[in-house]
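Colleague: Quick one, what's the 3D model for this:
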Amino acid sequence: MLDERGPAGSAVRTAMALLGLAAAAWAGEAGADSVALLLSPRIPVAGRSLRVLAAGRVAVSNARVELTGPAGKIASSRLRSGGGPPYWWSAEFPVREEGDYKITVTAGGKTLAGSGFRARAAKPPPPPTPPPPKLPRRGDRAGGGVE
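Modeller: Purely as a prediction, here's the structure:
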C-alpha cells in the first residue's frame, strides 16, 4: 500500500492533479491558451503555505504565477514549471493573514487564469491534554496497593 504522506504519495497526488487540470484546460469552449488552476489547500489558512498548480495545453513563454493579498503582492517561495502537454507551473506562497486574495497566471501582459479566495484565520491550538491520573504503585500502602 502506498504511504500518501511520503514523497511517493506527493508525486502521485501531483500527477493526478496535473491530469485533472489538463482535462479542465482541454474541456469546453476554452481557448488554446487557457489555463486551469488548482489551489491547495482548497480553503487556505493564515500562517500557512498555499500551493498553486496551473496547467494548460500550449507552452506559454514567460508565464508568471502571482498572488495578491490584503497587503499587496506576495512573492513565491518556490516556482517550478514543466513541459508537456500538459504544460504546467507550480508555485508556493506564504499566506500571512486572514483576508481576500487573488491568484493570477499572466504572460505578456495577458491574464490567462485567475481565481479569488478568502483565507481564514488559523484556529487556536486545542487546550493541553491533562496528564493521566497516577496509579498506585505495587506495595504503596497510602494508595491501597496489594503486596
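
Colleague: Give me the distance between the residue most central in space within the chain and N62.
Modeller: In the chain, the residue lying closest to the centroid (C-alpha atoms, centre = their mean) is S40, at 2.6 Å. Distance, S40 to N62, by C-beta to C-beta, to the nearest Å: 24 Å. C-beta coordinates here come from the backbone N, C-alpha and C atoms, glycine included.

Colleague: go on, G114?
Modeller: Where N62 is concerned, G114 sits at a distance of 17 Å (C-beta to C-beta).

Colleague: ok, now P70?
Modeller: 27 Å.

Colleague: ok, these two, which is more surrounded?
Modeller: Comparing P70 with N62 by neighbour count (other C-beta atoms under 10 Å), the higher total belongs to P70, at 12 against 7.

Colleague: Look up how far S40 lies from that one.
Modeller: 21 Å.

Colleague: Ok, R137 next?
Modeller: R137 is 50 Å from S40, by C-beta to C-beta.

Colleague: Could you do T68 as well?
Modeller: 18 Å.

Colleague: just G116 next, same as before
Modeller: With distances taken as C-beta to C-beta, G116 is found 16 Å from S40.

Colleague: next SSE after the helix or strand of the chain with the lowest mean pLDDT?
Modeller: Within the chain, no helix or strand scores below helix 7-26, which has a mean of 56 by mean pLDDT, DSSP states H and E. Sequence order places strand 35-40 as the next helix or strand after helix 7-26, per DSSP states H and E.

Colleague: which of the residues in that following strand are buried?
Modeller: V35, A36, L37, L38, L39 (16 or more other C-beta atoms under 10 Å).

Colleague: Alpha carbons only: can I get the helix or strand just after that strand in PDB?
Modeller: Using DSSP H and E, the next helix or strand after strand 35-40 towards the C-terminus is strand 48-56. Extracted in PDB, the C-alpha atoms of strand 48-56 (Å, rounded to 0.1, in the frame of the first residue of the first chain):
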ATOM      1  CA  ARG A  48       0.400  28.500   6.300                       C
ATOM      2  CA  SER A  49       1.600  28.000   2.800                       C
ATOM      3  CA  LEU A  50      -0.600  27.900  -0.300                       C
ATOM      4  CA  ARG A  51       0.400  25.700  -3.200                       C
ATOM      5  CA  VAL A  52      -0.800  26.700  -6.700                       C
ATOM      6  CA  LEU A  53      -0.700  24.300  -9.700                       C
ATOM      7  CA  ALA A  54      -1.600  25.700 -13.200                       C
ATOM      8  CA  ALA A  55      -1.800  23.600 -16.400                       C
ATOM      9  CA  GLY A  56      -2.500  24.400 -20.000                       C
END
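
Colleague: Cheers, nothing more for now.
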